[in-house]
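*Asks:* my questions concern the predicted model and sequence given below.
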Amino acid sequence: MKAPLPHLLSSSLSLMVAACHPGYTVPAPHSQVESVVMSLPPSAPRVEQRIVLVVAPKEGKKMRLEYASLSLDVDYSWQGLKSDTSESTPWFRVRIVDERDGSIYAERANDLDTLRPLMRIYRLDHPLCQQAEERCEVPFRIELERQGPPAQGILNVHWKATGSALVHETEVSNIEVRLRER
C-alpha cells in the first residue's frame, strides 16, 4: 500500500490544526480624543476632563473581547519659571480615574522638567472589561494638577487619550472602539 502524497498529508494536518486552534488575539482599530491647550495659573491649578471609552460590536455582529485599555500622552510647557535656583521647581500630577468606582487607573507625579516636557501614562496590563461579550463602556476622569502658590508661572498642558482593545483575530472587523468626551 502506498503512503498518501506528502502535500495531501500536510494539507490535512493544517486543516485539522486550524479547526482546533481558537485563534490569536489582535489589536482592534483604536480611537483617540485630544484636548486643546489649557493654561493652569497658580490661582486655578487643577482641571478635569471626563471621557468615556466604548468597545462594542458593530450592529448585528458578535465579539469576544480580551480586554480594553486607555493610554494618555500629556505634553506641557512652563511660562514664567525663573531660571535662578532660589525658586523651587513646582510639581505636576496627572491621574486617570475610573469613575465606575473612583479607583485610580494610572497616576504620575513629578517635578516639572522643562527639558523633557512629555509624560506618557499607559497601563495596557490593566484590563477594563475582560472577557466582555457584548459591550464595554467605561467612564474616566482625567485630572491635571500643578502646584499652586507659592509656585509662580503658567503651566500650558495638552493631552491625547487613546482607547484600544484586543479581540479574537477573526472578529477584528466586527468591533468598534470609540472614545468621546462627556
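*Replies:* Received, thanks. As the structure is a prediction and not an experimental result, all values here were calculated from the model.
*Asks:* low-confidence regions, this structure specifically.
*Replies:* Applying pLDDT under 70 to the chain flags the ranges 1-25, 27, 81-89, 113-127, 130-133.
*Asks:* all strands of it, in order?
*Replies:* Counting by DSSP state E, one finds strands in the chain at the ranges 25-27, 31-34, 38-40, 46-57, 65-79, 91-98, 103-111, 118-122, 136-146, 154-168, 175-181.
*Asks:* nearest to residue 129, out of those?
*Replies:* When the strands of the chain are compared by C-beta to C-beta, strand 136-146 sits nearest residue 129, at 3.2 Å. Glycine gets a C-beta too; all of them are placed from N, C-alpha and C.
*Asks:* on contacts alone, who are the packing partners of the closest one?
*Replies:* In terms of contacts (3 or more C-beta pairs under 8 Å, 6 or more residues apart in numbering; DSSP states H and E), strand 136-146 is packed against strand 38-40, strand 46-57, strand 65-79, strand 91-98, strand 154-168.
*Asks:* now with 7 Å?
*Replies:* Other helices and strands packing on strand 136-146, by 3 or more C-beta pairs under 7 Å, 6 or more residues apart in numbering; DSSP states H and E, are strand 46-57, strand 65-79, strand 91-98, strand 154-168.
*Asks:* that'll do, ta.
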